[in-house]
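# okay, predicted coordinates and the sequence, questions at the end:
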Amino acid sequence: MPSRYLLHFAQAHDDFRLPELQSVAELYGITYSLPPREEDRDPTRPFMVIDLEDEEHARLLARRCILIKAVYEFYGQGSTYDELHEANRKSEPLWTRYVEDTSFRFLVTSSQHKIPQSRQRDVIESFAYMGFLGKIEMKNPDILLICFEEYEDRKGTTRAKYEGDGSFRQVFFGRLLEEGSARQLIGKFDVKKRVYYGNTSMESEISLLMANQTLASPGKLLYDPFMGTGSMAYPTTHFGALVFGSDIDGRQMRGKQKTPGVIRAATQYGTASRVIDLATFDVTHNPWRCGELFDAIVTDPPCKYGVRAGAKRLGRKKELTDHQKELCLQHSLSPRPQKTPLTLRYRDDQPYIPPTKPYELSHLAADLVLLARYLLKPGGRLVFFLPTVTEEYEDVDIYAMLCEGMDVIANSLQDFGSWGRRLVTIKKTTAEQHPPPSFKPPQVEDDQEVHVPAHKDFREKYFQGFKPKLEEEEP
Amino acid sequence: MVRLLTHNILACHAKDCNTNNFPLEFKDVQLEIREAEFNPEFLKGFLPKLEWKALVDTAIQLGDTSLPLEQPEMLDDEFLKNLHHVLLEIHVEEGSMTCPNCKHVYPISNGIPNMLLAEHEIG
């Protein structure tokens, strides 16, 4: 018999709440159902009442979901206190066991609003019919009962103290089951406290949300093809997964000391042994011997802050003449040691450094999906960030880069105004083996209509300030 | 780093090097042994992906003879512990890996192999 639980979400990343709930539930094999009414399922609201089979499941959610602040046993809700009390009376079988001899604390609180003390007292007294006989304890009570008033979001408006008090949208009542403990990880993985990071390292809360989308857990093998400074490796290995990382630029993973920076940071978190290996290579020319190796591919392609570091792949922007090619071949076969300060600084690398060319974002994204279909085990997940221009984005942008057997299961926007980035989760739904991708730029027939996604040439659009192209003026 | 698990799933990927391009041959190696968490479920799940002969030969080359030449049908605890040690606890920190076919040398420095291809080696 399922019971109802009240989820209190953290005031952040509301578009990520339901995908995270779905992922963590799948990870632990938890079945849940969302409220039947559309407006009660609205993920921008701070509270949601869900059905779960087991109290233990509610606790698991609270321990793993980054965006859950607390989980409560749900007693009732209403748009007025009369409705709430009516519902709460029907829930008597749930709370009657606390009546006799349980110390308790009663809290009346709200989001984005301060309730005057006098009304808090009135509200508490209106629950007198519950007849709790136990001691009232402000510190360490046996149970904490919370009455939570939800107000419309009035951020950015000026208002008098207590203005609008009592005209809440909904009031919820329940007993605290467990505070969300996963949120503490945001502090633990704070980039500023990390021994090794770079200017494109991802903030900890988002990297933890990504880790949850991968279903990271002990015994899983993950891969990050744009490892950089390893932002994705730390939360995923914390959850027990093993991670393999590669990057076209080994310096990002190494840093300047003998022990690679990624390993030093993983050591700080006690997970160095779970970073299986790091390797320098271009993912479009990769040495994987076979496919179906990984449970998840998780990456933040170096194009979102395309701004700071666009993606690169091996090759040249312009074809060389045959003579130039011959010279390059000679150089790569017998490189002369270069004594510029730059090469001395990176003397761990080979003297020969092959040329690279930009890797356009929409090609990269489409290649990544094909690569994931090859490298993922059936049922595995591809989790990555895609920056998009808010004005131009359409859902078809995401669907246009899919291929057969790869389905989008979540697409959450982190909104920065004129641009944003989408955390895309794609599941490999096919059990068939697929060949590795060719990584060739798609050939397009001239008369063919091709969908141009809003993330194409994102880097250029960013630098132009996302201004629409001006119509050419008539002379 | 460069554990034998990694070594077992990497092949030479230079242009037109498609046969006899695995396993890469370790040379001039410096080894380190580092403890890792034992997870028998992970090992059992990964077994079908391994090229067994390549793993055993490489382990022997690096001085570990604990694995049987044929992959056993019964996966007892002792076997899994040996497999765990070979796959996850032996780290090649320095040295190189050479392709048996095209002889491309992939150098390993501070535990990180450089698998980048030169301009003339990409397709």
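Done, it's in.

# every contact and neighbour count from this point should use C-alpha atoms.
Will do.

# for B:Leu116, which non-adjacent residue is closest in space?
In space, and not counting its chain neighbours, B:Leu116 is closest to A:Phe281: 4.6 Å by CA to CA, 6 or more residues apart in numbering or on different chains.

# my error: substitute A:Glu53 in the last question.
A:Pro2 (4.3 Å).

# per-residue pLDDT, that neighbour?
pLDDT recorded at A:Pro2 is 86.

# that older thread, run a quick neighbour tally on the residue nearest to B:Leu116.
Neighbours of A:Phe281 under the rule other CA atoms under 10 Å in any protein chain shown: 24.

# same check on the one 10 residues further on?
Taking other CA under 10 Å as the criterion, the count of residues near A:Gly291 is 19.

# quick check: phi and psi at it.
Main-chain dihedrals, A:Gly291, degrees, to the nearest 10: phi -100, psi -170.

# now A:Leu242
Residue torsions, per degrees, to the nearest 10, at A:Leu242 are phi -100, psi 140.

# so how far is B:Cys12 from it?
Computed as CA to CA, to the nearest Å, the A:Leu242 to B:Cys12 distance reads 24 Å.

# higher neighbour count, the two?
Comparing A:Leu242 with B:Cys12 by neighbour count (other CA under 10 Å), the higher total belongs to B:Cys12, at 30 against 27.

# how about the nearest residue to that one, chain neighbours excluded?
Nearest to B:Cys12 is B:Asn21, by CA to CA, 6+ apart, at 5.2 Å.

# now do the same contact list for whichever residue of the stretch 1-150 of chain A sits closest to chain B.
Proximity of the stretch 1-150 of chain A to chain B (CA to the nearest CA) peaks at A:Leu27, 16.3 Å away. Counting by CA atoms under 8 Å, 6 or more residues apart in numbering or on different chains, A:Leu27 touches A:Leu215.

# quick check: what element follows the host helix or strand of it along the chain?
Secondary structure assignment for A:Leu27, by DSSP states H and E: helix A:17-28. On the C-terminal side of helix A:17-28, the closest following helix or strand by DSSP H and E is strand A:32-33.

# which strands or helices does that next one pack on?
strand A:47-52 (3 or more CA pairs under 8 Å, 6 or more residues apart in numbering or on different chains; DSSP states H and E).

# chain center to whichever helix or strand comes after the strand it packs on, what's the gap?
Per DSSP H and E, strand A:47-52 leads on to helix A:55-64 as the next helix or strand towards the C-terminus. For helix A:55-64, the separation from the chain centroid amounts to 19 Å (computed by CA atoms, centre = their mean, to the nearest Å).

# again, but for stretch A:179-193
14 Å.

# pull the longest helix from the chain.
Went with chain A since none was named. Determined from DSSP state H, the single longest helix within chain A is helix A:361-375.

# the chain in question should be chain B.
helix B:52-61.

# list the buried ones in that helix?
B:Trp52, B:Ala54, B:Leu55, B:Val56, B:Asp57, B:Thr58, B:Ala59 (16 or more other CA atoms under 10 Å in any protein chain shown).

# try stretch B:75-95
Within stretch B:75-95, the residues scored as buried using 16+ other CA under 10 Å are B:79-95.

# then stretch A:240-257?
For stretch A:240-257, using 16+ other CA under 10 Å, the buried residues are A:240-255.

# and those residues, which is closest to A:Lys440?
Using CA to CA, A:Ile248 is the member of these that lies nearest A:Lys440, at 17.6 Å.

# B:Pro107: which element?
strand B:105-109.

# now that strand: how far from the chain's centre is it?
That offset, for strand B:105-109, works out to 14 Å (CA atoms, centre = their mean).

# that one packs against which elements?
Packed next to strand B:105-109, using 3+ CA pairs under 8 Å, 6+ apart, are strand B:90-98.

# name the residues that touch the strand it packs on?
Contacts for strand B:90-98 (CA under 8 Å, 6+ apart): B:1-4, B:24-34, B:104-113.

# just the pLDDT for residue 92.
Picked chain A for this. 96.

# chain B, not that one
98.

# thinking the residue nearest to A:Glu53 is in contact with A:Leu52, fair?
Yes. Taking CA atoms under 8 Å as the definition, A:Pro2 is a contact partner of A:Leu52 at 5.2 Å.

# the two: who's more crowded?
Neighbour totals were compared for A:Pro2 and A:Leu52, and A:Leu52 leads with 19 against 13 (other CA under 10 Å).

# partners of that one in the sheet?
On the basis of DSSP bridges, A:Leu52 is bridged to A:Ser3, A:Tyr32.

# surely it and A:Arg4 touch.
Yes. Assessed by CA under 8 Å, A:Leu52 is found in contact with A:Arg4 at 6.3 Å.

# which stretches of the chain have low pLDDT?
Reading this off chain A. Applying pLDDT under 70 to chain A picks out residues A:303-310, A:331-352, A:442-450, A:467-475.

# now do the strands in the stretch 1-150 of chain A.
All strands of the stretch 1-150 of chain A, identified by DSSP state E, counting those that start in this stretch, fall at A:3-9, A:32-33, A:47-52, A:68-78, A:104-110, A:143-150.

# and B:Gly123, how many neighbours does it have?
Residues near B:Gly123, counting by other CA under 10 Å, number 12.

# wait, it sits on A:Lys440?
No. Assessed by CA under 8 Å, B:Gly123 is found out of contact with A:Lys440, at 9.9 Å.

# what about the closest residue to chain B within the stretch 351-475 of chain A, how many neighbours?
Using CA to the nearest CA, the single residue of the stretch 351-475 of chain A nearest to chain B is A:Pro354, 5.4 Å away. Applying other CA under 10 Å, we find 17 residues neighbouring A:Pro354.

# can you check A:Arg41 too?
16.

# low-confidence ranges in chain B?
Using pLDDT under 70, nothing in chain B is flagged.

# got the residues of chain A near chain B?
A:219-220, A:248, A:250, A:258-260, A:273-274, A:276-282, A:285-290, A:293, A:314-315, A:328-329, A:332, A:348-349, A:353-355 (CA under 8 Å from any CA of the partner chain).

# please narrow these to those residing in strands.
A:Ile276, A:Asp277, A:Leu278, A:Ala279, A:Thr280, A:Leu314 (DSSP state E).

# just to revisit the earlier point, and the residues of chain A next to chain B, which of them are buried?
Buried among the residues of chain A next to chain B by 16+ other CA under 10 Å: A:219-220, A:248, A:250, A:260, A:273-274, A:276-282, A:285-289, A:293, A:314-315, A:328-329, A:332, A:348-349, A:354.

# picking that back up, taking the contacts of strand B:90-98, please make a ChimeraX selection of just the buried ones.
Burial among the contacts of strand B:90-98 is assessed by 16+ other CA under 10 Å; the matching ChimeraX selection reads:
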select /B:1,2,3,4,24,25,26,27,31,104,105,106,107,108,109,110,111,112,113
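
# inside helices: which ones of the contacts of strand B:90-98?
B:Leu4.
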